[in-house]
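Undergrad: Sequence plus the predicted model coming up.
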Amino acid sequence: MLPTVDDVLRLEAVRRGQPRVVAGGDRLGNRVRWVHVAEITDIAHLLHGGELVLTTGIALPDEPERLRAYIAELAEVGVSGLMIELGRRYAVEPPAALVAAAEEHGLPVVVLAHEPAFVDITEAVHSQIVQDQYAELRASEQLHEIFTRLSVEGASTEEVVGQVAALGGRPVVLENLAHQVLAADAGGADASELLSAWETRSRAVRPGGRTGYDPVSGWLVTTVGARGEDWGRLIIDLGSPPTPRETVLIERAATTLALGRLLDRHAESVERQAHGTIIARILAHAYADPQEAAARARALGVPLAGRRLIGVVLRHRGPGAPPAGELAALAETAAAACKDARIAALVGVLDDGGPHARVGVLASLPARAEVEAALTEVAARVREGPGAAVMAAGSVVESVRDVRRSFLEAEQVADVAARGSGSRLFYRLPDLRLRGLLHLLRDDARVQTFVERELGRLLAYDAEHGADLTRILELYLESGRNKAVAAQRAHLSRPAFYERLRRIERVLDADLDDVESCVSLHVALLALSSVRWERS
């Protein structure tokens, strides 16, 4: 950053001349771009602005009018200040007309009581300018390296915004074109206060150009987008005019965000990332104050205070992780479904890439809304979308603090429902009955002991002989002990199927015509399914 007139006055080469400000003391923050020694009065047309003019005054005119014109011309061209050496022309003070004109035009005038070496002053100031410019260049290179690394590593939107806040030491917000907050880092400040009435405040800030500073709000703002498709704004709450480094910082960050969106068009949208981040942090108790979560959600257009809140989970039907891209598409489908049903909701992918990846929906309904009707409408719209997914809903809660409980319930329901072949639009805990109970108890050692006692010998037989008797038993019991139906589902002839049933009876030493034995085996198979699902 260029030094100010005040910075120049602190240099040893200047202090030796015992500098004294006689005019324009409120303008010592003027930046000094260069130092120019000039004795003639007709100098303004040779200057470009930002120069600190040094003179002994030896060639300055006596007439007050000409002195005033001299000062006016310097001010008009934009010089940063005028420094006069006393002793050669003026013994104690410069002419009153010159001082008055400088005050009128806001031009700093400094007198030097002792004779300095102008060459020392020029060398000292120019050295400072070059050092500062080199520091700015080095800072720009460092920022370039940091954000290039973030781009290469595929950093998330939250990570990029967090890096800007860390480097700038100020609150940072990324918003979309509707002035909804996609990501924010309060930089140690109060996040709730930062995001309060965000949309209203943001709409009032419209600095000119792609990057601009708004002096009223103290915001440095830059547009985010590429190839003529702008999709958001990045904002740093500075509170004072930006330095060149801060301008470079926000522009580098905006480029990284735009590039990330271009490189990964198949990934979830920035909006989905923002929604998913808030949900994940609520579930992880990452917000020290629930009001911060409510403020962040509100900044995205989803009110949470005074509402009926429901945790909803959508997941791939079947074990294992879903195919690549399926969850992102499902999240967009769910978001569109909520929007069409006029339901305010946060919708995002949770645990993306893991075996328990799913789409989380935090639905926010008015106090008198019909919950079942709202969920049915959303589920019906999701069902019309691509992919095979199950939708599960937790209990209705009325506080952000209780949202985690609703989500945990929905996750458990979704895990069980995803293994079944039911055709409900969505599932609640009461819909799962025995299968749901066993899923909740799957980690209980007593349940696992029961499974081993009932099925252990059959599982060992299958493992030793490469048989599938456990599957045959499961088909038989799921078919209501109808041997003909079970044989058809197993793609076996009836004699072959009957022979396998007899072998099962021998291995287990059980009677498959006994109702109580079959109930016990069926419960054990359901429990085994829950345990195996958890490990898959």
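TA: Everything's here; your move. Numbering: from 1, shown residues only.
Undergrad: alpha carbons only for contacts and neighbour counts from here, please
TA: OK.
Undergrad: Show the end-to-end separation of stretch 19-29, please.
TA: End-to-end distance for stretch 19-29: 16 Å, by Cα to Cα, to the nearest Å.
Undergrad: which residues touch that stretch?
TA: Contacts to stretch 19-29, defined as Cα atoms under 8 Å, 6 or more residues apart in numbering, come from residues 4-6, 9, 99-100, 102-103, 106-113.
Undergrad: So which of the residues you listed sit within helices?
TA: Of those, the ones assigned to helices by DSSP state H are V5, D6, L9, V99, A100, A102, E103.
Undergrad: Quick check: the farthest pair among these?
TA: L9 and A100 (21.5 Å; Cα to Cα).
Undergrad: ok, these two, which is more surrounded?
TA: Using other Cα atoms under 10 Å, the more surrounded residue of L9 and A100 is L9, with 21 against 16.
Undergrad: In the lengthiest helix in the chain, which of the residues would be classed as buried?
TA: For the chain, the helix with the greatest residue count under DSSP H is helix 118-152. Across helix 118-152, burial judged by 16 or more other Cα atoms under 10 Å covers 118, 121-122, 124-126, 128-129, 136, 139-140, 143-144, 147-148, 150-151.
Undergrad: show me where the protein has strands.
TA: 19-23, 34-37, 51-55, 81-85, 109-112, 172-176, 181-185, 211-214, 219-226, 229-237, 308-316, 344-350, 358-365, 389-397 (DSSP state E).
Undergrad: what's the closest of the ones you listed to G276?
TA: So among the strands of the chain, strand 344-350 is nearest, using Cα to Cα, at 3.8 Å.
Undergrad: That closest one to strand 308-316, inter-axis angle?
TA: 30 degrees (axes from the mean of the first three to the mean of the last three Cα atoms, to 10 degrees).
Undergrad: angle of strand 344-350 against strand 358-365?
TA: Using the same axes, to 10 degrees: strand 344-350 against strand 358-365 is 170 degrees.
Undergrad: List the pairing partners of strand 344-350 within its sheet, with orientation.
TA: Take DSSP bridges as the rule and strand 344-350 pairs in its sheet with strand 358-365 (antiparallel).
Undergrad: The strand it pairs with: how far from the chain's middle?
TA: 18 Å (Cα atoms, centre = their mean, to the nearest Å).
Undergrad: Residues contacting it, please?
TA: Applying Cα under 8 Å, 6+ apart, the set of residues contacting strand 358-365 is 276, 279, 302-304, 307-316, 327, 330-331, 334, 343-352, 371.
Undergrad: List buried residues within these.
TA: Counted by 16+ other Cα under 10 Å, the contacts of strand 358-365 give 276, 279, 302-304, 307-316, 327, 330-331, 334, 343-350, 352, 371 as buried.
Undergrad: Can you mark which positions in stretch 214-224 are buried?
TA: D214, G218, W219, L220, V221, T222, T223, V224.
Undergrad: can you redo those residues as JSON lines with distance to D443 and pLDDT?
TA: Below are these laid out as JSON lines (distance: Cα to Cα, whole Å; pLDDT from 0 to 100):
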{"residue": "D214", "distance to D443": "58", "pLDDT": "94"}
{"residue": "G218", "distance to D443": "55", "pLDDT": "95"}
{"residue": "W219", "distance to D443": "53", "pLDDT": "96"}
{"residue": "L220", "distance to D443": "53", "pLDDT": "96"}
{"residue": "V221", "distance to D443": "52", "pLDDT": "96"}
{"residue": "T222", "distance to D443": "52", "pLDDT": "96"}
{"residue": "T223", "distance to D443": "51", "pLDDT": "94"}
{"residue": "V224", "distance to D443": "48", "pLDDT": "92"}
